[in-house]
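> how would this look folded up:
(one chain, ligands or ions: 1)
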Amino acid sequence: MRHVTLVQLFDHPITQKYVKRSGMAHAVACAYHAYHLAIEHGVDPDRATKAAFLHDIGHYTWYRDGKWDYNLYKENDIHAIKGSERAHKLLIRLGEHPRTAKEIALAILLHTDSYLPNGYLELNPLQHVVALADEADEEPGGEHHYRTISDRRARRMLSLLDKKIESQSKEDYIERSM
Ligand SMILES: [Fe+2]
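Predicted coordinates for the structure are as follows:
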């Protein structure tokens, strides 16, 4: 059973403030990529789409003299850490199961290794799917953060995705009980 829907997440003021900052169009596109990748990789689409939708919720704005300072961002960015905590708090507030909230938070924490010291990260299938979903929608020079989408269209697309996830989990349930 799903405790929280994508539309509920979309409607929350925290999502409106922070996901819009990093790009709602990118977030919605990633959620769709995550849905298909989850099915391909045998991962729970509910968790994958939520993590992909919220993966950039931790972005901060790095402006200097009114302009985006990429070097400042590169040096100081911790958006995956911040986003993981922010998404976790939001999910719990909305009534998400704590185990699911933790898995989503971890997938957000590990969706990029750009802030980590060089090394090798071993991702579990959910974390891998979320990282792939982000990559699938990336544009050179970070352009994906600037694509726009109307609130109406974003909400409609997420509601459609909610329905797909719900019917997918019904199908899985029927398959398991046969
Ligand atoms: Fe992203």
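> The host helix or strand of A51 close to the ion?
For A51, the enclosing helix or strand under DSSP states H and E is helix 45-54. No: using Cβ under 5 Å from the ion, helix 45-54 never reaches the ion; the gap is at least 8.6 Å. C-beta: built from backbone N, CA, C; applies to glycine.
> can you list the residues that contact that helix?
Among residues not part of helix 45-54, those counted as contacts by Cβ atoms under 8 Å, 6 or more residues apart in numbering are 2, 4, 6, 9-10, 15, 19, 27-28, 30-35, 37-39, 83, 87, 90-91, 100, 103-104, 107-108, 111, 126, 129-130, 133-134, 158, 161, 164-165, 168-169.
> How about R2, nearest residue that isn't a chain neighbour?
In this structure, R2 finds its nearest non-sequential neighbour in D46, 5.4 Å apart by Cβ to Cβ, 6 or more residues apart in numbering.
> How much space separates the one you found from A29?
As judged by Cβ to Cβ, to the nearest Å, D46 and A29 stand 18 Å apart.
> if I look at the residue nearest to R2, how far off is Y35?
From D46 to Y35 the distance is 10 Å (Cβ to Cβ).
> what residues are shared contacts of the two?
Between them, D46 and Y35 share the contacting residues I165, judged by Cβ under 8 Å, 6+ apart.
> Residues of the protein that sit close to the ion?
With the criterion set to Cβ under 5 Å from the ion, the chain comes near the ion through D56, D134.
> which residue ranges form the strands in the chain?
If you assign secondary structure with DSSP state E, the strands in the chain sit at 63-64, 67-68.
> Contacts for the first one, please.
Think strand 63-64. For strand 63-64, the external contacting residues (Cβ under 8 Å, 6+ apart) are D69, L72.
> average pLDDT for that strand?
Summarised as a single mean, pLDDT over strand 63-64 is 84.
> Could you measure from the residue positioned nearest the centre of the chain over to A136?
When the chain is reduced to its mean C-alpha position, the closest residue under Cα atoms, centre = their mean turns out to be A52, at 2.4 Å. Summarising the geometry, the distance separating A52 from A136, computed by Cβ to Cβ, is 9 Å.
> Residues that sit against both of those two, list them.
Jointly contacting A52 and A136 under the rule Cβ under 8 Å, 6+ apart are C30, H33.
> Find the least confident helix or strand in the chain, judged by mean pLDDT.
Per-element confidence for the chain was summarised using mean pLDDT, DSSP states H and E. The lowest value among helices and strands belongs to strand 67-68, with a mean of 79.
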